[in-house]
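In: quick check, what structure comes out for this input:
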Amino acid sequence: MAVARRRIDVEEGAAALAAWRKAAEPPSDTPLPRAVLATAVRYSLEEVTARAPGNSVEVRVPPFGVTQCVEGPRHTRGTPPNVIECDAATWLAMVTGQLGWPDAVAAGRVAASGLRADLSELLPL
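Out: Numbers count the residues shown, from 1 in each chain. The predicted model follows:
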């Protein structure tokens, strides 16, 4: 299975994630520029797809990005049967290991529907 070509340079993406980590650590009150936040989210979505290629789960982090990943039945029309959606802060906290998948789901910070809508084996990156 071919993996989609990356749109975010790996070094640029890693730098954006590092900037997000630094901004998320207390006592930092420095807001992260929207472009850096968007790059961190998009890079991490690309990384999930690179590590778990497929089309059975759709991961949405509005308004920054969406990806399809995880091997399984291919979805072609309408709403996918396996959808994960959360905000950027929650997504990046899970990606970096600051928030565990089960804790995020239990707290209602992640909307996950479908039998395959579980990224606990893939996160943190």
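In: all helices for the protein, in order.
Out: Applying DSSP state H to the chain gives helices spanning 10-24, 34-51, 88-95, 101-106.
In: would you turn the ones you listed into JSON lines with mean pLDDT?
Out: Shown next, in JSON lines, are the helices of the chain (pLDDT from 0 to 100):
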{"stretch": "helix 10-24", "mean pLDDT": "92"}
{"stretch": "helix 34-51", "mean pLDDT": "96"}
{"stretch": "helix 88-95", "mean pLDDT": "96"}
{"stretch": "helix 101-106", "mean pLDDT": "95"}
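In: rebuild those as CSV, extending it with distance to residue 62 and mean neighbour count.
Out: Glycine gets a C-beta too; all of them are placed from N, C-alpha and C. Compiled in CSV, these are given as follows (distance: least, C-beta to C-beta, whole Å; neighbours: other C-beta atoms under 10 Å):
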stretch, distance to residue 62, mean neighbour count
helix 10-24, 17, 16
helix 34-51, 10, 20
helix 88-95, 8, 22
helix 101-106, 16, 15
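In: next up, the contacts around the residue lying closest to residue 10 once chain neighbours are set aside.
Out: Closest residue to residue 10 apart from its sequence neighbours, by C-beta to C-beta, 6 or more residues apart in numbering: residue 43 at 7.7 Å. Residue 43 is in contact with 8, 10, 12-14, 16-17, counting by C-beta atoms under 8 Å, 6 or more residues apart in numbering.
In: geometric centre of this protein: which residue is closest?
Out: For the chain, the residue nearest the mean C-alpha position is residue 45 (4.5 Å; C-alpha atoms, centre = their mean).
In: which residues sit in contact with residue 119?
Out: Residues near residue 119 by C-beta under 8 Å, 6+ apart: 48, 57, 59, 84, 94, 101.
In: determine which two of those residues are furthest apart.
Out: Maximum pairwise distance among the contacts of residue 119 (C-beta to C-beta): 14.3 Å, between 57 and 94.
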